[in-house]
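1. My questions are about this predicted structure, shown below with the sequence.
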Amino acid sequence: MVNLLTAFGRRVARIVNGLALQVRIVLALADRDFFMRAEKGSFGVWGVLFEPLALMLTLLALRILVRMKTVDLMNPLIWLACGVTMLFLFKKIAIKALTGVAKGQKMFFYRRIRPLDTLLASALIEARLHASILVLIFISESFWFWRIQLDDPGLALIDFIVTVMLAIGIGVSALVIGHRIPIVKTLTKFGLNRILLWTSGIFFATYTLPGPTRPLVTWNPLLHSVEILRHSINNAYPIPDISLDYLLTCAFLSCGFGLIFYFSNEALLLSDD
């Protein structure tokens, strides 16, 4: 009995040590990628943060200029920041998943570095970056109006994490299938850059749409992510036909299928395109 427990303990220790090593590898790859971006940018480390922030402010100015219908329940800056940040978080992670493996082929010479590690590192950078943008805008708005409103921070955190999972799952699935059927990569990029832009709730609130037309956009899980984030800031913000359960289901299914596809085709990803 003692020998059995000892063997079990050693096996658990090996698993924990292996996972800890993979975590350190992902963190190291994320730091490497971040500093490479900073070196390529015009403003160094600050440019990595302020370039997407500048794009967000440009979209806000565009929204004001075209006088789109505003949302009275939230500050327009916070309302738009929720939509733009979640959209670009999703797009950057998914698109990087489509191209990151090809760019990281040289690193796969090291046995401990796998394609999935580079994808997770890229997702970690984008999550840090876009979370920082959201926090920066939220703090700035709170100081400007001298009030703080975040009714459900737990829901906001869960929504953010689930969105990252959704992006990783869809990106990995499209990556693996795209190696078999190249047109899938092209269609995925088109969908991320065109269809999602107009169905993710960046320029409209779901409750302002007529009931019969909502199914035309509520199929998009990213719309649920955006609207849930807004609702977490102000619980009075209505979210008809929006469900956290639907978002969770899409995220877990995409991650599940993505990991199955990945581990079944890892050798294909390690080979040159």
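-> All right, it came through fine.
2. Next SSE downstream of the lowest-mean-pLDDT helix or strand in the chain?
-> Scoring the helices and strands of the chain by mean pLDDT, DSSP states H and E places helix 44-65 at the bottom, with a mean of 61. Per DSSP states H and E, the first helix or strand lying C-terminal to helix 44-65 is helix 76-103.
3. list the helices and strands that next one packs on?
-> On a contact count with 3 or more CB pairs under 8 Å, 6 or more residues apart in numbering; DSSP states H and E, helix 76-103 meets helix 44-65, helix 115-145, helix 153-180, helix 183-190, helix 196-199, helix 221-233. Yep, even glycine has a C-beta here, placed from its N, CA and C like the rest.
4. Just name the most buried of those helices.
-> Each of the helices and strands packed on helix 76-103 was scored by mean neighbour count; the highest is helix 221-233, a mean of 26, by mean count of other CB atoms under 10 Å.
5. chain center to that one, what's the gap?
-> In terms of CA atoms, centre = their mean, to the nearest Å, the centre of helix 221-233 is found 13 Å from the chain centre.
6. Could you do stretch 248-267 as well?
-> Computed by CA atoms, centre = their mean, the chain-centroid distance of stretch 248-267 equals 16 Å.
7. Now do the buried residues in that stretch.
-> Within stretch 248-267, the residues that qualify as buried are Leu248, Cys250, Ala251, Ser254, Cys255, Phe257, Gly258, Leu259, Phe261, Tyr262, Asn265, counting by 16 or more other CB atoms under 10 Å.
8. wait, which of those residues is closest to Ser132?
-> Ranked by distance to Ser132 (CB to CB), the buried residues of stretch 248-267 are led by Ala251 at 22.1 Å.
9. Next one: the closest one from Ile15, what distance?
-> 25 Å (CB to CB, to the nearest Å).
10. Over to Leu197?
-> 42 Å.
11. How much space separates the closest residue in space to Leu120 that isn't next to it in sequence from Tyr237?
-> Nearest residue to Leu120 in three dimensions, chain neighbours excluded: Val26, at 4.9 Å (CB to CB, 6 or more residues apart in numbering). As for Val26, its distance to Tyr237 is 35 Å (criterion: CB to CB).
12. got it, and Asp33?
-> Distance of Asp33 to Tyr237, computed by CB to CB: 35 Å.
13. is it possible to export the helices and strands packed on helix 76-103 to JSON lines including distance to Cys82?
-> Formatted as JSON lines, the helices and strands packed on helix 76-103 follow (distance: least, CB to CB, whole Å):
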{"stretch": "helix 44-65", "distance to Cys82": "11"}
{"stretch": "helix 115-145", "distance to Cys82": "8"}
{"stretch": "helix 153-180", "distance to Cys82": "9"}
{"stretch": "helix 183-190", "distance to Cys82": "24"}
{"stretch": "helix 196-199", "distance to Cys82": "15"}
{"stretch": "helix 221-233", "distance to Cys82": "5"}
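14. Can you say which of those is nearest to Thr206?
-> Nearest of the helices and strands packed on helix 76-103 (CB to CB): helix 221-233, 5.5 Å.
15. After that closest one, which helix or strand is next?
-> The element immediately downstream of helix 221-233 (helix or strand, assigned by DSSP H and E) is helix 244-264.
16. Helix or strand: which one has Ala28?
-> Applying DSSP H and E, one finds Ala28 within helix 2-40.
17. So for that helix, mean pLDDT?
-> Averaged across helix 2-40, the pLDDT comes to 68.
18. for the protein, what are the low-confidence residue spans?
-> Low-confidence segments of the chain (pLDDT under 70): 1-5, 7-10, 12, 18, 21, 31, 34-72, 99-111, 191-192, 269-273.
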